[in-house]
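# When you get a sec, could you give me coordinates for this:
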Amino acid sequence: ENREALQLVHEAFARDPRFNILVLPQNVGKRKAQIAAIRRSAGDMVLNVDSDTILASDVIRKLVPKMQDAAVGAAMGQLTARNRSDSWLTR
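Here you go, the predicted model:
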């Protein structure tokens with residue numbers, strides 16, 4: 001486990017009211033952790049990104065209007081790997 005490595009991150013954001021840090025009692029895997037976080041979320045929408053994701057500056061402005069339609073339950077943007085041209089492996 002890497003809980004010790006995350007301690008500094010938790011401490012840095014613990015007092016910031018924009019963040020609610022959830023530490024599960026054990027490692028349950030990415031999908032179950034995401035489900036736990038979504039279930040504890042509040043608000044009209046939840047934005048879920050990976051730790052290595054860099055969002056375009058206009059992504060929220062483009063996705064939110066899509067969610068205004070009651071028939072839409074989820075929306076996502078186009079994902080592009082930044083290193084896609086680095087080698088044959090990343091292509």
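# where exactly do the helices run in this protein?
Per DSSP state H, the chain carries helices over the ranges 3-13, 30-39, 59-66.
# okay but residue 67 is in contact with residue 45, surely?
Yes - using C-beta atoms under 8 Å, residue 67 makes contact with residue 45 at a distance of 5.8 Å. (Each C-beta comes from the backbone N, C-alpha and C, glycine too.)
# By mean pLDDT, flag the weakest helix or strand of the chain.
In the chain, no helix or strand scores lower on mean pLDDT, DSSP states H and E than helix 3-13, which sits at a mean of 83.
# Export it to CSV, keeping only CA atoms.
In CSV, the C-alpha atoms belonging to helix 3-13 read as follows (Å, rounded to 0.1, in the frame of the first residue of the first chain):
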residue,chain,number,x,y,z
ARG,A,3,-1.0,5.3,2.1
GLU,A,4,2.1,6.9,3.6
ALA,A,5,3.0,8.4,0.3
LEU,A,6,-0.4,10.0,0.1
GLN,A,7,-0.3,11.5,3.5
LEU,A,8,1.2,14.8,2.3
VAL,A,9,-1.4,15.1,-0.4
HIS,A,10,-4.2,14.5,2.1
GLU,A,11,-2.7,17.1,4.5
ALA,A,12,-2.3,19.6,1.8
PHE,A,13,-6.0,19.4,0.8
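# gap between that helix and the chain center?
17 Å (C-alpha atoms, centre = their mean, to the nearest Å).
# Give me the buried positions along that helix.
For helix 3-13, the neighbour count (16 or more other C-beta atoms under 10 Å) marks no residue as buried.
# Tell me which residues are up against it.
Identification of contacts with helix 3-13 by C-beta atoms under 8 Å, 6 or more residues apart in numbering yields 19, 21, 23.
# Now, of those residues, which are buried?
Among these, not one counts as buried by 16+ other C-beta under 10 Å.
# Any stretches of this structure with poor pLDDT?
Residues of the chain that meet the criterion pLDDT under 70 lie in 1, 91.
# 80 instead?
Low-confidence segments of the chain (pLDDT under 80): 1-3, 5, 50-52, 77-84, 89-91.
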